[in-house]
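Asks: Sharing a model prediction with you, sequence too.
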Amino acid sequence: MRYIPVIILLLITVLARGFVRGTDEAPAVPALTPFEIEQMPAPGIADTSCNRITGNVQALEGLFGEFARLERGEKQLPVAILQLGDSHVQAGFFPNRVRSRLQMLFGDAGRGLIAPLRLSGTNEPPDYAIASSGKWTASRCTQVSPDEMPGVTGMALSGNGRTAEFTITAYPALLRGADRVLLPGVGEASSAMAKLRERGLDLVIPTLTQPVLGICIGMQLLCLDSEEGDARCLGIFPAHVRRLKPAENGLKIPHVGWNTVGGLRGTLLEGIDEETYVYYVHSYAAEVCEATIARTDYGGEFSAALGRGNFFGTQFHPEKSGSAGERILRNFLKP
């Protein structure tokens, strides 16, 4: 599929026929089939069956027509999609996931509209942060005055004094612009995945093209799933994460301390000798799989390191593993 830019302002709820139109004549569109949006329970929503589009899908014909034109190379500008909603839209419960999925299919032209919603005293999405100074006065569309037009965000802000400033930082934009990405971790798999999903990063991380290194639980999160909290993970490495079971051999859990690695392969481990000692602190580990580039035995073999494309992971802590760990980090940082 060719790279096609798609920019999402907020999200779709309903688009009138021909709402998105790049030319005077709508292109031929394949026969439409009803599609359902994945049900995603959200706080305060008891009936998630309303989170689907069925029936009059012809209302989306204009949008699908624009996507078809993009794929045929007939359209160069991004497709902008607008949803008019309230606080649940502002908070990104639904928009972030749909935006990420569409951009995975059609290309990423950026996040789209970003507004300092927190400064107006309302919800803001978890995938960007607002830093502000000075005092701000806000009015919303529900409290609009004749002198203030809130615009598409539904709010108007005014700074009190010259010191009133704000900056907005989008987390996915920072990740995509980084030369290298480290995914470290100390904690529990299901809680860590919940935080990634809250920020929309579970859909961003798998699309990264620069080198990515997961360390300890960071590597586990790059696997298919984990027994720890029955977590569904990012699915980059084709491995399941299991709890270590060495008790019958008299070994303790968690596995803490120095152990050796073997079966080494790949650029991440260049210059590392077989049976080199590295440092571990963990109770769960990824099974050996086709992406395994190093192994350790602790009551049974597990993946000490994984590698696939631009993604790498170490179950051990290179930052605690002396000169060997330093060499591994240097390998990762090589241009």
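Replies: That came through fine. Residues are numbered from 1 along each chain as shown.
Asks: alpha carbons only for contacts and neighbour counts from here, please
Replies: OK.
Asks: so how far is stretch 173-183 off the chain centroid?
Replies: Remark: stretch 173-183 is offset 12 Å from the chain centroid, using C-alpha atoms, centre = their mean, to the nearest Å.
Asks: May I see the buried residues of that stretch?
Replies: 175-176, 180-183 (16 or more other C-alpha atoms under 10 Å).
Asks: And the furthest pair within those?
Replies: Largest separation among these by C-alpha to C-alpha: Arg176 and Leu183, giving 13.7 Å.
Asks: related to what we said a few turns ago, closest to Arg69 among the buried residues of stretch 173-183?
Replies: Nearest to Arg69 out of the buried residues of stretch 173-183 is Arg176 (C-alpha to C-alpha; 26.6 Å).
Asks: name the helices or strands packed onto the longest strand seen in the chain?
Replies: In the chain, assigned by DSSP state E, the strand with the most residues is strand 155-170. Secondary-structure packing of strand 155-170 (3 or more C-alpha pairs under 8 Å, 6 or more residues apart in numbering; DSSP states H and E): strand 128-140.
Asks: and Met179, that's in a helix?
Replies: Actually, residue 179 is Asp rather than Met. No. Asp179: not assigned to a helix; according to DSSP: H, G, I helix; E, B strand; the rest coil it is coil.
Asks: And the strands in the stretch 151-300 of the chain?
Replies: Assigned by DSSP state E, counting those that start in this stretch, the stretch 151-300 of the chain shows strands spanning 155-170, 181-183, 212-215, 225-226, 231-232, 240-243, 255-261, 276-282, 284-286, 292-297.
Asks: Who's the closest spatial neighbour of the residue most central in space within the chain, skipping the chain neighbours?
Replies: For the chain, the residue sitting closest to the mean C-alpha position, by C-alpha atoms, centre = their mean, is Leu201 at 1.8 Å. Leaving aside its sequence neighbours, Leu201 sits nearest to Pro172 (C-alpha to C-alpha, 6 or more residues apart in numbering; 6.9 Å).
Asks: Hmm, that neighbour is touching Asp202, no?
Replies: No. Checked against C-alpha atoms under 8 Å, the pair Pro172 and Asp202 is beyond contact range at 10.4 Å.
Asks: Next secondary structure after the helix or strand bottoming out on mean pLDDT in the chain?
Replies: The weakest-scoring helix or strand in the chain, judged by mean pLDDT, DSSP states H and E, is strand 6-8 (a mean of 43). Note on strand 6-8: by DSSP states H and E, the next helix or strand toward the C-terminus is helix 61-71.
Asks: how about the CA coordinates for that following helix, as PDB?
Replies: Coordinates of the C-alpha atoms in helix 61-71 are reproduced here as PDB (Å, rounded to 0.1, in the frame of the first residue of the first chain):
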ATOM      1  CA  GLU A  61     -19.700   7.600   1.100                       C
ATOM      2  CA  GLY A  62     -17.900  10.900   0.800                       C
ATOM      3  CA  LEU A  63     -15.200   9.900   3.300                       C
ATOM      4  CA  PHE A  64     -14.600   6.500   1.700                       C
ATOM      5  CA  GLY A  65     -14.400   8.200  -1.700                       C
ATOM      6  CA  GLU A  66     -11.600  10.400  -0.400                       C
ATOM      7  CA  PHE A  67      -9.800   7.300   0.900                       C
ATOM      8  CA  ALA A  68     -10.200   5.700  -2.600                       C
ATOM      9  CA  ARG A  69      -8.800   8.800  -4.300                       C
ATOM     10  CA  LEU A  70      -5.800   8.700  -1.900                       C
ATOM     11  CA  GLU A  71      -5.000   5.100  -2.700                       C
END
